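*Asks:* I'll drop the sequence and a predicted model, then ask my questions.
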Amino acid sequence: MSRVSRSMKNLNADQRRVLFGPNDHFIQILNEVFDCDLQVDADELVGECKNDGLIQALDEMIQLVLENKEMNEVDVRVIAENFVEGKEVTVERLYDRPVGRSFEHKMIYPKTMGQKILLDTLMEKDMTFVSGPAGTGKTFLAVVYAVTQLRNETVKRLIVTRPVVEAGENLGFLPGDLKEKVDPYLRPIYDALYFTLGQMQTERYIEKGIIEIAPLAYMRGRTLDDAIIILDEAQNTTTMQMKMFLTRMGFHSKMIITGDMTQVDLPSSKHSGFVDALHRLQDIDEIGFVNLQNTDVVRHPLVKKILTHYED
């Protein structure tokens, strides 16, 4: 255990409330991550810690407060875990450029260095493959980035697709027409769109054809110009489906292909087109490849622990 202290004299009362969080919840997170007993003592935060990096994490949080940037529980946990794991990923590096903004006009920034690398790659490359486990923000960041390009009129359309692979339920036995059958498979995409555009604007764009959300089979025979095209859950494509999709790319377009190689639902007799493409296309310089890790998971802290135990 080592004694730590950090002066709060440069913060006023309102700034301290932001730093500590509701009911000092952010301090509780720091105590949990660093195994501390951090407490407020007059103008100082003091305590005993088993893990190093607390002061650096506090400095990053204070920087956010001084810059009047929003800070929530996820931000605090990510900052703390970055420093306790020895990454020392500074807020300045993560917050130098937003991915986009939400429907409520809140700026959306990368939360981890892996997400920052993903954003940089999306801006640099016309085609990007993103692999990683659940919770790393693959689909969410791809959609936010694409919506930003749509708002900036860099592209005219956003097309989002994914293979419809049955996992335990037969589509023929599900109620409704084809749209009602496949919409549950596309729910994460709608959630990301609603977060960035709002439900009404999303539905208006869909009605006008500015945004198209469809199963992968609907892409056959098309050439997609002036668009950002996202293929989600790409690990469930076959090799031929992946080839079909990649060759739909038209002029002034970008493609983002996301997948999780640990969640392949294809029959054992079929090979994943996503895994095949990662190996087959590695030497093409114009294509970006980003591999997110468990350390890039931005969900409840239990998710990261569960993923680690499954890997073990």
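*Replies:* Okay, I see it. Keep in mind it's a predicted model, so treat the numbers as computed, not measured. Numbers count the residues shown, from 1 in each chain.

*Asks:* next structured bit after whatever helix or strand residue 63 lives in?
*Replies:* Using DSSP states H and E, residue 63 maps to helix 54-66. Using DSSP H and E, the next helix or strand after helix 54-66 towards the C-terminus is helix 73-84.

*Asks:* what does that following helix rub up against?
*Replies:* Residues from elsewhere that reach helix 73-84 (C-beta atoms under 8 Å, 6 or more residues apart in numbering): 21, 25-26, 29-30, 33-34, 51-54, 56-57, 60-61, 64, 88-89, 91, 111-113, 295, 298, 301. Backbone N, C-alpha and C define where each C-beta goes, glycine included.

*Asks:* Could you list the low-pLDDT ranges of the stretch 101-250 of the chain?
*Replies:* Along the stretch 101-250 of the chain, segments meeting pLDDT under 70 span 165-182.

*Asks:* all strands for it, in order.
*Replies:* 107-108, 127-131, 157-162, 211-215, 227-231 (DSSP state E, counting those that start in this stretch).

*Asks:* List the buried residues in stretch 75-86.
*Replies:* Neighbour counts over stretch 75-86 (16 or more other C-beta atoms under 10 Å) mark 75-84 as buried.

*Asks:* Need those residues in CSV (columns: distance to residue 184 and pLDDT).
*Replies:* Listed next are the buried residues of stretch 75-86 as CSV, based on distance: C-beta to C-beta, whole Å; pLDDT from 0 to 100:
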residue, distance to residue 184, pLDDT
75, 31, 80
76, 33, 86
77, 30, 82
78, 30, 78
79, 35, 83
80, 36, 84
81, 33, 79
82, 35, 77
83, 39, 80
84, 38, 75
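
*Asks:* returning to that earlier point: can you spell out which helices and strands pack onto the helix holding residue 63?
*Replies:* Secondary-structure packing of helix 54-66 (3 or more C-beta pairs under 8 Å, 6 or more residues apart in numbering; DSSP states H and E): strand 2-7, helix 13-20, helix 25-34, helix 73-84, helix 91-94.

*Asks:* which other helices and strands contact the first one?
*Replies:* Based on contacts counted as 3+ C-beta pairs under 8 Å, 6+ apart, the elements that strand 2-7 packs against are strand 44-49, helix 54-66.

*Asks:* Buried only: go through the contacts of helix 73-84 for me.
*Replies:* Among these, the ones that count as buried by 16+ other C-beta under 10 Å are 21, 26, 29-30, 33-34, 53-54, 56-57, 60-61, 64, 89, 91, 111-113, 295, 298.

*Asks:* Would you mind confirming that residue 248 is in contact with residue 222?
*Replies:* Yes - counting by C-beta atoms under 8 Å, residue 248 touches residue 222, with 5.5 Å between them.

*Asks:* Among these two, which residue is more densely surrounded?
*Replies:* For residue 248 versus residue 222, neighbours defined as other C-beta atoms under 10 Å are more numerous around residue 248 (19 against 12).
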